[in-house]
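Participant: What shape does this take:
(2 chains)
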Amino acid sequence: MLQPTLKLSGIPTGGSFRPRHGRNLLSSNITRILVNVPTAIAKMLPRFTAPRGLASSIRQFSTSASSLAPREGPAPTRRSTTATLLNLNNSQKPDTRRGDAAQRIVQSTRARQDASSANIYALTEANKQRRTAEEYMKDMPRHWVPGDVYSPHDLSGAEMEKTRKRNRRRGDVIDALGIRPQDHYKNFSMINEFVNSTNQIMHGRVNGLRAVNQRRVAKMVRRAIGMGLYPSTHQHPEMFNRKWFPDQRQAPGRWGN
Amino acid sequence: MASSVSPGAALLRSSRLFAMPKAQPELMTNTLASETATRNVPQYQAITSPLSSREKGDWGLKRPLPLKQTMATTTPLVKIRQFDSIEKITDYGSAADHVMSLEKFGEMRVAMTVPVPQSRNIGAFASVEHDPLRSVFEEDLDILTNDRSKEAVAKRWKFNGPWLAMLSEGEFKKFMRKQVQPRRSEFRTYLREVLAQKMTNEARHKAREDGSTAVTTTTAKDVTDAEYDHFVRTLRDSRAELYGYVSDFLDLPPVTQVGVADAIYAKANSEFSPYGMNGPPPSHPSAGIGYLRTTAFMENHPVYGPQEQKTPTLARIIRPRHKNAQANIGVGGFIAEIPAGSNEFTKRMLGGRYGSAHHTIKGVQQLDLDTYGGAKAYVEPSKAVVNSRGSVVISTNVAKEDAKLIADEKKGFRSIYNNKEIRRTKAAAAEEKERERAAQLEEAKRPETDILGSSETYGLS
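Facilitator: Below is the predicted model of the structure:
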């Protein structure tokens, strides 16, 4: 048998296997370490001697024993059977000449650079597209629920713009919650919902409250201001904080939540 | 009857205009959408008019509708919000949204089914009765009477009382104030009757145990105040039993589970209701949108024969997935549920032991900016359910590849049908013959093997 076979789990062995850098599996120290072949086994296996005609093809920059590995020379005068068989594996390799190693290093580095720059380009493009898609998504604020019915009009920009705008309150909030507003005169977040930025009580039409509840809410606001619990010309300072430092809303306990 | 009114009134009464149904009240389904957004449920009757009349603006209304709008559309359908407003105009709008959705829904051919909550769909609870594909038109499910028997309540969809879980705090208080409080004394009488019945049953049971035939029947009048008070106190400890009496008295929809202990009681004492988990629908569970009873039919292709799957529908990917929310797909104008499980509409899992590296459709992960008209994908609509808010929720399955191919071919996008005669060259025929001969030789050469087992076949030597 000319070609030694080595059984390694998960790695094709025998004549068909060649490590990536063109080195012979058995004679390359690096490969041996990489594939974790015990040195003892490797020593037991037969080694090749380089055919005489290939002496000229020994690579200049290589110090490892792999330089002795047979490879197709420029013009071998005579070929041994072994070499011919081994060369079957190297048949796709271009002719190597003196100084090729340096050239190959340059080439592989360049290829690697090209690949990585192509990769970076693809990533940048994907990121750009994702960002554009996210920008478009900002113009589609509608939250859909299974069971919703839509027509082409509902997907239009005009309709989406309407969805984005805060809807006018429909129905009476006080009735829906079933509360007595007078009981909540100390609840400044609730008062804030019924007054504008300069602390004027909102109109019932804006609030969407029925007349009775509007009177109750107005009484609640006036009571809070009269007792000095709520400012009369600006929003409550806690509301400022909520507006200008929204991150603090996350702080537990700060707003009573 | 017609003789009792004036001829003009009789004419009006028999006219089609007066046959127009009143607008349905708006359901609180679309609180986030705008005023002009398409509602989940139509509110107005859609009307149309023949071309010859439409050309004159004649829609059978008090005044003609503007030709500029009504003639410049491919869908001449309008809804009338007000026949005659205070500004002396007819307030109308296009009804194409709901009419076209209805038409598309019909084309999809999905059957209306009763809802089946997920938790009931597994393990011991799963049974034929809870088949997720049961039609709402099944004889035993489509109960229209006010029957309070246990079996009927479990299947009824219409109740006099509200679905309490859906009421807001204010609505609940109003319900208590207006409908429950005035009936307190009536409920006490009802409880006395219940107790009397209970005592009679106990006496009958005891008599049977003792072997005697004399049974004392208790009536509501015989129940003493002390007995009644004791009964009410015991009821306070048993919420499920009390809810049973309250819901029977107020005709409330059944609740599937109240608590862990109550669930055991409820399991033993009440039937499973398809609407117990999420509430009964506000309309008939078919919503009148489809009358198909089953999806258990096969489609037949004129050339390829009976098909395993129905013709898939092209779904629009309305919104890509966002954070934890799944992508939304639109099927025939309805936002539908994406196919269950890990599939091309869900987030792609990167290999791994538990994830499947399925292919994700463009437009699911992020908005598809390349495809003209937006990303679309085939799905197979499987069933439709009317939820407690009155919306029609369509469930979908993943469409199979061959179904997609045939659907594409029907539309003329692809060509897969090939009826050309199979021609063989002389060389190919000879080669085949040669191959056959080689196979025969190979067969002849093969040594006959012992079919009995040996140590070798067990891998011992």
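Participant: All the helices of the chain, in order from the start?
Facilitator: Just so you know, I chose chain A. A:29-35, A:39-44, A:81-90, A:100-138, A:157-164, A:173-177, A:188-194, A:204-207, A:211-226, A:237-244 (DSSP state H).
Participant: try chain B instead
Facilitator: Listed in chain order, the helices of chain B (DSSP H) span B:7-14, B:51-54, B:67-70, B:96-108, B:150-155, B:169-175, B:184-210, B:225-237, B:239-250, B:260-269, B:401-411, B:426-445.
Participant: Compare those helices and give me the one nearest A:Asn241.
Facilitator: Distance to A:Asn241, taken as CB to CB, is lowest for helix B:169-175 among those, at 29.0 Å. C-beta here means a position set from N, CA and C on the backbone, and glycine is covered the same way.
Participant: Just give the nearest non-adjacent residue to whatever residue of the stretch 51-200 of chain A ends up closest to chain B, would you?
Facilitator: Closest to chain B within the stretch 51-200 of chain A is A:Gly147: 2.9 Å, counting by CB to the nearest CB. Excluding its sequence neighbours, the residue lying closest to A:Gly147 (CB to CB, 6 or more residues apart in numbering or on different chains) is B:Ser391, at 2.9 Å.
Participant: for B:Leu314, same thing?
Facilitator: Excluding the flanking residues, the one nearest B:Leu314 by CB to CB, 6+ apart is B:Lys376, at 5.1 Å.
Participant: The one you found and B:Pro312 touch, don't they?
Facilitator: No - look at B:Lys376 against B:Pro312 with CB atoms under 8 Å: they stay out of range, at 11.2 Å.
Participant: what about the two, which has more around it?
Facilitator: Applying other CB atoms under 10 Å in any protein chain shown to B:Lys376 and B:Pro312 shows that B:Pro312 carries more neighbours, namely 22 against 18.
Participant: Number of residues surrounding the residue of the stretch 51-200 of chain A closest to chain B?
Facilitator: Other residues near A:Gly147 come to 22 when the count uses other CB under 10 Å.
Participant: residues in contact with it?
Facilitator: A:Gly147 makes contact with B:29, B:40, B:334-335, B:387, B:389, B:391-393, according to CB atoms under 8 Å, 6 or more residues apart in numbering or on different chains.
Participant: hmm, 7 Å instead?
Facilitator: Contacts for A:Gly147 were tallied using CB atoms under 7 Å, 6 or more residues apart in numbering or on different chains; they are B:40, B:335, B:387, B:391-393.
Participant: From those residues, pick the one nearest B:Pro25.
Facilitator: Nearest member of the contacts of A:Gly147 to B:Pro25, counting by CB to CB, is B:Asn40, at 13.4 Å.
Participant: Tell me the spacing between the closest one and chain A.
Facilitator: Using CB to the nearest CB, to the nearest Å, we find B:Asn40 at a distance of 5 Å from chain A.
Participant: give me the beta-bridge partners of the residue nearest to B:Leu314?
Facilitator: Beta-bridge pairing of B:Lys376 under DSSP bridges involves B:Arg316.
Participant: contacting residues around it?
Facilitator: Neighbouring residues of B:Lys376 by CB under 7 Å, 6+ apart: B:314-317.
Participant: quick one, what contacts the closest residue to A:Phe188 other than its chain neighbours?
Facilitator: Nearest residue to A:Phe188, sequence neighbours excluded (CB to CB, 6+ apart): A:His236, at 4.5 Å. Listed by CB under 7 Å, 6+ apart, the contact partners of A:His236 are A:188, A:192, A:230.
Participant: picking that back up, which stretch among the helices of chain A comes nearest B:Gln45?
Facilitator: Closest approach to B:Gln45 among these (CB to CB): helix A:157-164, 23.7 Å.
Participant: picking up where we left off before, any chance of TSV for the contacts of A:His236, columns pLDDT and distance to A:Leu155?
Facilitator: TSV is the format used below for those (pLDDT from 0 to 100; distance: CB to CB, whole Å):
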residue	pLDDT	distance to A:Leu155
A:Phe188	89	41
A:Asn192	90	35
A:Tyr230	93	44
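Participant: how much space between A:Leu209 and A:Phe194?
Facilitator: 8 Å (CB to CB, to the nearest Å).
Participant: With neighbour numbers in mind, choose between the two.
Facilitator: Between A:Leu209 and A:Phe194, A:Leu209 has the larger neighbour count (other CB under 10 Å), namely 24 against 20.
Participant: Could you report the separation of the more buried one from A:His184?
Facilitator: According to CB to CB, A:Leu209 and A:His184 sit 14 Å apart.
Participant: B:Ala438 now?
Facilitator: The gap separating B:Ala438 from A:His184 is 94 Å, by CB to CB.
Participant: Equivalent analysis for B:Leu242, please.
Facilitator: For B:Leu242 relative to A:His184 (CB to CB), the value is 33 Å.
Participant: With B:Gln82 instead?
Facilitator: Here the criterion is CB to CB. By it, B:Gln82 lies 39 Å from A:His184.
Participant: So which of the contacts of B:Lys376 is surrounded by the most neighbours?
Facilitator: Counting neighbours by other CB under 10 Å, B:Ala315 leads the contacts of B:Lys376 with 28 neighbours.
Participant: Check whether that residue really touches B:Ala377, as I assumed.
Facilitator: Yes - at 5.7 Å, B:Ala315 counts as touching B:Ala377 under the criterion of CB atoms under 7 Å.
Participant: I'd like to know how far the residue lying closest to B:Ala403 once chain neighbours are set aside sits from B:Glu299.
Facilitator: In space, and not counting its chain neighbours, B:Ala403 is closest to B:Gln309: 4.2 Å by CB to CB, 6+ apart. Note on B:Gln309: its distance to B:Glu299, by CB to CB, is 8 Å.
Participant: picking that back up, and the contacts of A:Gly147, which two are furthest apart?
Facilitator: Distance extremes for these: the farthest pair is B:Ile335 and B:Asn387 at 12.1 Å, using CB to CB.
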